[in-house]
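Chemist: Below: sequence and its predicted model.
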Amino acid sequence: MQVTAADSCVEGATIFAHRVRNPAEYGVVTLNDGGMGLDIVEKPLNPASHFAVTGLYFYDRDAVEIARNLKPSARGELEITDVNREYLRRGKLNVEVLGRGAAWLDTGTPDALLQAAQFVQTIEERQGLKIACPEEIAWRNEWIDTAQLLKLAAPLEKTAYGRYLREVAQEPRV
């Protein structure tokens, strides 16, 4: 299942934004009425929007050249925000807004990591599905067959994860 065309784009960059209550804690993208990026600022004191840049990026091959030419920020770091800002300057930055119903989990602090873990635990227990299970994704997309899925599950058979893979292999591919 493909959620966005970002992974098949061969020119430019795509970043993802999600609305947050506390934008000053993140890289923030400002959008025009049509959803096009206007500016990106890392941890602004006075954020111009509530859209945090999520940390999921798709770049073309120009990213290497852009990164090579970065200068350290005032914090003494090479900032990924500066790479994104350069794509924006070149007019080659696409911003995909993750809308209502999408879950983006920040894990940049101990509290945020705990919240993310509890969210994942709740969803997995309630639905009986694993979040981001690579073997299951490959099987459901028919990149591997059932025999290959079971072969991957075999060394893990004594774990809950291995048992989950075996259960998935018994289900219809939907």
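Modeler: On my side now, so go ahead.
Chemist: isn't there a helix covering Trp139?
Modeler: Yes. Assessed with DSSP: H, G, I helix; E, B strand; the rest coil, Trp139 lies in a helix.
Chemist: what's near enough to touch it?
Modeler: Trp139 makes contacts with 145-146, 148-149, 168-169, 173, as judged by C-beta atoms under 8 Å, 6 or more residues apart in numbering. No exception for glycine: its C-beta is placed from N, CA and C like everyone else's.
Chemist: In helices, which of those appear?
Modeler: The helices, defined by DSSP state H, take in 146, 148-149, 168-169 from the contacts of Trp139.
Chemist: Buried subset of those, written for ChimeraX?
Modeler: To isolate the buried members of the ones in helices among the contacts of Trp139 in ChimeraX, using 16 or more other C-beta atoms under 10 Å:
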select :149,168,169
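Chemist: Closest to the centroid, which residue in this protein?
Modeler: In the chain, the C-alpha closest to the average C-alpha coordinate belongs to Leu56, at a distance of 3.9 Å (C-alpha atoms, centre = their mean).
Chemist: which SS state does the spatially closest residue to it that is not a sequence neighbour fall under?
Modeler: Among residues not flanking Leu56 along the chain, Phe16 sits closest, at 4.8 Å (C-beta to C-beta, 6 or more residues apart in numbering). Secondary structure state of Phe16, per three-state DSSP, is strand.
Chemist: And for Phe16, the neighbour number?
Modeler: Applying other C-beta atoms under 10 Å, we find 23 residues neighbouring Phe16.
Chemist: Quick check: it touching Phe51?
Modeler: No. In terms of C-beta atoms under 8 Å, Phe16 does not count as a neighbour of Phe51; the distance is 9.7 Å.
Chemist: all helices of the chain, in order?
Modeler: All helices of the chain, identified by DSSP H, fall at 62-68, 80-89, 110-127, 134-140, 146-153, 160-169.
Chemist: Point out the most buried one among those helices.
Modeler: Greatest average neighbour count among those goes to helix 80-89 (a mean of 19), per mean count of other C-beta atoms under 10 Å.
Chemist: What are the contacting residues of it?
Modeler: Helix 80-89 has contacts (C-beta under 8 Å, 6+ apart) with 12-13, 15, 27, 37, 39-42, 53, 55, 57, 59, 62-63, 66-67, 70, 73, 93.
Chemist: could I get it in PDB with only the CA atoms?
Modeler: C-alpha atoms of helix 80-89 as PDB (Å, rounded to 0.1, in the frame of the first residue of the first chain):
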ATOM      1  CA  ILE A  80      18.800  18.900   8.500                       C
ATOM      2  CA  THR A  81      16.500  22.000   8.500                       C
ATOM      3  CA  ASP A  82      19.200  23.700   6.400                       C
ATOM      4  CA  VAL A  83      19.000  20.900   3.800                       C
ATOM      5  CA  ASN A  84      15.200  21.300   3.700                       C
ATOM      6  CA  ARG A  85      15.500  25.100   3.500                       C
ATOM      7  CA  GLU A  86      17.900  24.800   0.500                       C
ATOM      8  CA  TYR A  87      15.300  22.600  -1.400                       C
ATOM      9  CA  LEU A  88      12.700  25.300  -0.500                       C
ATOM     10  CA  ARG A  89      15.000  28.000  -1.900                       C
END
